[in-house]
Structure formats: C-alpha cells, structure tokens
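1. predicted model follows, preceded by the sequence.
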Amino acid sequence: MSVLGPTLTTARLILRPPEARDFDPWAALMADETAMKFLGGVQPRPTAWRSFLTAAGAWAIQGFGMFSVVEQTSGRWIGRIGPIHPEAWPGTEVGWGLTRDAWGRGYAVEAASAAMDWAIDHLAWSEIIHCIDPANLASRKVAESLGSRILRTATLPPPIEHGDVDVWGQTADAWRARRR
C-alpha cells in the first residue's frame, strides 16, 4: 500500500495511486487527440499537470481516485482507471482511459473489474456508474463487458458540460452476483 492508497494486482496489471514518475506518460495520454476525444479533449502539458495533481489529490482528500495502470511484464504506465466522484457528478463512477497502444487487449475490463471490486468491497459503494459519450463505441463495449447497462442520461458539471452522456452502471448487488 502506498501512502495514498492500495496497490491492486490482476493477471497482467498493477493498479496503484499516481506517483510523480507517472506524469510524463500521463501528459502524453492527455495530449493524444484520439485517446482524449471522448474524455474532455486534449490537455496541454500545464493543464495535464493540474489534472494529474487533481487525481493524486483525490486520494489524499477522498481516500480514493484514479489508479495508475501499469503493465506487470514491462513496468510501463498505460493509463488511469478507477473510482471517482467529483462534486455534482451523476454518481459514483469507475472510469477509464488508456494509451492507444493498450487498446483492444482487454486491459480496460481487467482493470475496471479490479477497481469495481475495490470500490464495492472497501468504499461500500451501492452503485457504480460509467459516464460515456453515446458515440464512444469502445467504452460502450467495455461497459457491456462489465455487465453494465444504460441507466439514464446526464449532463456533466463544468467545465465538461458539453452535451449529455449515457450513464451506464449497475448496483453493487448485481456486480457481486456477476463476479460469483
């Protein structure tokens, strides 16, 4: 366990709170126009720094936040996945964002499953949502693979209130039944 939170391991991944060494790959992800298309848009490096500190700060203030996702075999940082619940958010979310070279390998489902287990078992969340742009077919497939379904639509709070998102999700009981 780090000072901020736990380290989770899956068959292929390590999930841990962000560390200073994660910033350069974080900034590269935030600068990738394709990867950020549905995640609020490209962030220049100074803005990425602030979002990085926000992610680390969530751990310090709320006791949870996005995990840095690291491949076990290479030690390479490949994204961030985990529980978030910003002010005025439409619910308790496990969200994801991976570098493009990690897409299509099942990493999002693997890491999100571990994060959902942790959120339910350690944070006692009764529902987990995923806010997904209706045009984001890849994230819709991840949500479906997790057993989530569209629950409602919502408008995210400023500064990312640019249109409605589909709120996918499921109850903790549904997740527990699925993982049995």
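-> Yes, it's here.
2. does anything pack onto the longest helix along the chain? Which helices or strands?
-> Ranked by residue count and defined by DSSP state H, the top helix of the chain is helix 45-62. Here helix 45-62 touches helix 23-31, going by 3 or more Cβ pairs under 8 Å, 6 or more residues apart in numbering; DSSP states H and E. Using the backbone N, CA and C atoms, a C-beta is placed for each residue, glycine as well.
3. repeat that for 10 Å
-> Applying 3 or more Cβ pairs under 10 Å, 6 or more residues apart in numbering; DSSP states H and E, we find helix 45-62 packed against helix 23-31, strand 67-71, strand 77-84.
4. buried ones in the shortest one, by neighbour count?
-> In this case it means strand 67-71. Neighbour counts over strand 67-71 (16 or more other Cβ atoms under 10 Å) mark F67, S68, V69, V70 as buried.
5. lowest-confidence helix or strand of the chain?
-> helix 172-179 (a mean of 93; mean pLDDT, DSSP states H and E).
6. who's in contact with that helix?
-> 92, 94, 113, 116-117, 119-121, 123-128, 146-149, 169-171 (Cβ atoms under 10 Å, 6 or more residues apart in numbering).
7. how many residues are close by A56?
-> 19 (other Cβ atoms under 10 Å).
8. one more: R16?
-> R16 has 18 neighbours, counted by other Cβ under 10 Å.
9. who touches it in this structure?
-> With contacts defined as Cβ under 10 Å, 6+ apart, R16 is in contact with 1-2, 4-9, 22, 67-70.
10. if we can go back for a sec, okay, the angle between the longest helix of the chain and strand 77-84?
-> 40 degrees (axes from the mean of the first three to the mean of the last three Cα atoms, to 10 degrees).
11. what does helix 45-62 contact?
-> Contacting residues not belonging to helix 45-62 are listed as 2-5, 17-20, 22-24, 26-31, 36, 40-43, 64-68, 80, 82-86, 123 [Cβ under 10 Å, 6+ apart].
12. if any of those are buried, give me the ChimeraX selection for them.
-> The command below creates a ChimeraX selection of those among the contacts of helix 45-62 that count as buried (16+ other Cβ under 10 Å):
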select :4,5,17,18,22,23,26,27,29,30,36,43,64,65,66,67,68,80,82,83,84,85,123
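13. sorry, back to before: do you know which of the helices and strands packed on helix 45-62 lies nearest H162?
-> Closest to H162 of the helices and strands packed on helix 45-62 is helix 23-31 (Cβ to Cβ; 16.9 Å).
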